[in-house]
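Asks: Output the structure for:
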Amino acid sequence: MAPWINRHLSILFIAMSHFNEKESVAQKLKGQWLIIPDIRPIFAQWPSGENKHYQTVKEIVDRQLAQQPMKNEARTAFVKMNPSLLAARWWPRASEDDYQVLVDLIIFFGYWDDLSESLAADPAAAENLRSATKVLGRQAFGFAPPEEEVAISDPLILDFRRIGKKICAVYDEEQRKTVLGHFERYIDSTALEAEADLSTTLPSLKRYWKVRILTSGMGTLLGVTEFAARVKLPTSVVTSAAYGTLWTTTVVINSIVNDLISFKKEMKAGSVLSSVAILYNEVDNLDAAVQMSLAHLKILVDEFDRTANMLLTNFPLSDEEVGPVSKVIDTLRMINTGNLGWRFVNTLEKAAIP
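Replies: Numbers count the residues shown, from 1 in each chain. I've put the predicted structure just below:
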């Protein structure tokens, strides 16, 4: 090969090795207008509400958070997040005591997730946190002795023991094993999330959803659906493909809504690791990426309703089992309408990406 060809290939290789796909996408998005139509009509037929104990529990939770030894950034983040309102919209029919446990669970996940992300530059410390948290989870759900050492001193994270105790008072061993499995898969998946954050390339949409379904933390939160609804589903339902479809569809619907509504905020933070950005990178048109996301939402809502109807009409359920299954299906629907009500305040959001 001629020397000048070698020289040009070397220059090309160096240029490619320094290419940052994420930065390139972020630069292309700068200054573009993000228009998100009103998403609510897509969910018009689904139930929604707000827990009647919201104000009472919010005052209690706010006082407890004010007393927690945490950094000001974390405290400010919780004020903006308003976990009491999120839980009130997700689980509007939960009793006051159960609702407060669910608020505490959301606070735990928000706090733990931020702590995990803060350790992205220290993989060893992040892995130690994951290992210790899994021990804590096994203790909380009654599958590890309480005296087993947990290398965590943060009181907000250790509060998971109290949360788990409340859930264990309602759940049997089978339910506890199921929710623990989701909890551990989430903890392990944050290593994949850290890798994705550090990578300079965007994943494919298929890979993004494979990881996002795990890293959203929704697995554990959906794992307490029976707790929130105070029902026990038949094992045949929980292990069925139909219930798996309802579960996965709920997670992806929730995530698409979050990706759409938080896109401008993520861009300000310099993050393009979202389904909207990945679609934009594929089609090179932001409006088209938004419309594709909305179309995906409609397909998923239809799929959820079709699967729910099949589960209630074609699945071998006794008369006593139909009620609990219907209650859980409505709870899953309200998790998504509640998430939308919490996040999407205006009927139309229009803003330029800085």
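
Asks: C-alpha only now, for contacts and for neighbours.
Replies: Fine.

Asks: Show me where the stretch 101-250 of the chain has its helices.
Replies: Read by DSSP state H, counting those that start in this stretch, the stretch 101-250 of the chain holds these helices, from start to end of the chain: 123-140, 155-158, 160-168, 173-198, 205-215, 218-223, 225-229, 235-238, 241-261.

Asks: Can you give the distance from the third one to the centre of its chain?
Replies: From the chain centre to the centre of helix 160-168 is a distance of 20 Å (Cα atoms, centre = their mean, to the nearest Å).

Asks: Rebuild the helices of the stretch 101-250 of the chain as JSON lines, extending it with mean pLDDT, mean neighbour count and distance to S275.
Replies: Putting the helices of the stretch 101-250 of the chain into JSON lines (pLDDT from 0 to 100; neighbours: other Cα atoms under 10 Å; distance: least, Cα to Cα, whole Å) gives the following:
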{"stretch": "helix 123-140", "mean pLDDT": "95", "mean neighbour count": "19", "distance to S275": "26"}
{"stretch": "helix 155-158", "mean pLDDT": "92", "mean neighbour count": "15", "distance to S275": "30"}
{"stretch": "helix 160-168", "mean pLDDT": "96", "mean neighbour count": "18", "distance to S275": "31"}
{"stretch": "helix 173-198", "mean pLDDT": "90", "mean neighbour count": "18", "distance to S275": "13"}
{"stretch": "helix 205-215", "mean pLDDT": "91", "mean neighbour count": "17", "distance to S275": "7"}
{"stretch": "helix 218-223", "mean pLDDT": "92", "mean neighbour count": "21", "distance to S275": "17"}
{"stretch": "helix 225-229", "mean pLDDT": "97", "mean neighbour count": "22", "distance to S275": "26"}
{"stretch": "helix 235-238", "mean pLDDT": "94", "mean neighbour count": "14", "distance to S275": "28"}
{"stretch": "helix 241-261", "mean pLDDT": "95", "mean neighbour count": "19", "distance to S275": "7"}
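
Asks: And those helices: which comes nearest Q64?
Replies: Across these, the minimum distance to Q64, taken as Cα to Cα, is reached by helix 155-158, at 10.3 Å.

Asks: ok, back up a step: of all the helices of the stretch 101-250 of the chain, which lies closest to V328?
Replies: Counting by Cα to Cα, and looking across all of those, nearest comes helix 225-229 at 6.5 Å.

Asks: any chance of the helices of the stretch 101-250 of the chain in CSV, plus distance to L340?
Replies: As requested, the helices of the stretch 101-250 of the chain are exported to CSV (distance: least, Cα to Cα, whole Å):
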stretch, distance to L340
helix 123-140, 29
helix 155-158, 27
helix 160-168, 26
helix 173-198, 23
helix 205-215, 18
helix 218-223, 15
helix 225-229, 18
helix 235-238, 26
helix 241-261, 7
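
Asks: out of those helices, nearest to M334?
Replies: Distances from M334 to each of those were compared using Cα to Cα; the shortest belongs to helix 241-261, at 10.0 Å.

Asks: right, and the helix or strand after the closest one?
Replies: Where DSSP states H and E defines the elements, the next helix or strand beyond helix 241-261 is helix 263-268.

Asks: Could you give the average pLDDT over the next helix or strand after that next one?
Replies: With elements assigned by DSSP H and E, the helix or strand that comes after helix 263-268 is helix 275-283. Taken as a whole, helix 275-283 has an average pLDDT of 93.

Asks: helices and strands around helix 275-283, which ones?
Replies: Of the remaining helices and strands, those touching helix 275-283 by 3 or more Cα pairs under 8 Å, 6 or more residues apart in numbering; DSSP states H and E are helix 205-215, helix 241-261, helix 286-313.

Asks: CSV please, covering the ones you listed and showing distance to R185.
Replies: Formatted as CSV, the entries for the helices and strands packed on helix 275-283 read as follows, by distance: least, Cα to Cα, whole Å:
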stretch, distance to R185
helix 205-215, 7
helix 241-261, 14
helix 286-313, 24
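
Asks: out of those helices, nearest to K28?
Replies: Across the helices and strands packed on helix 275-283, K28 has its closest neighbour in helix 286-313 (10.1 Å, Cα to Cα).
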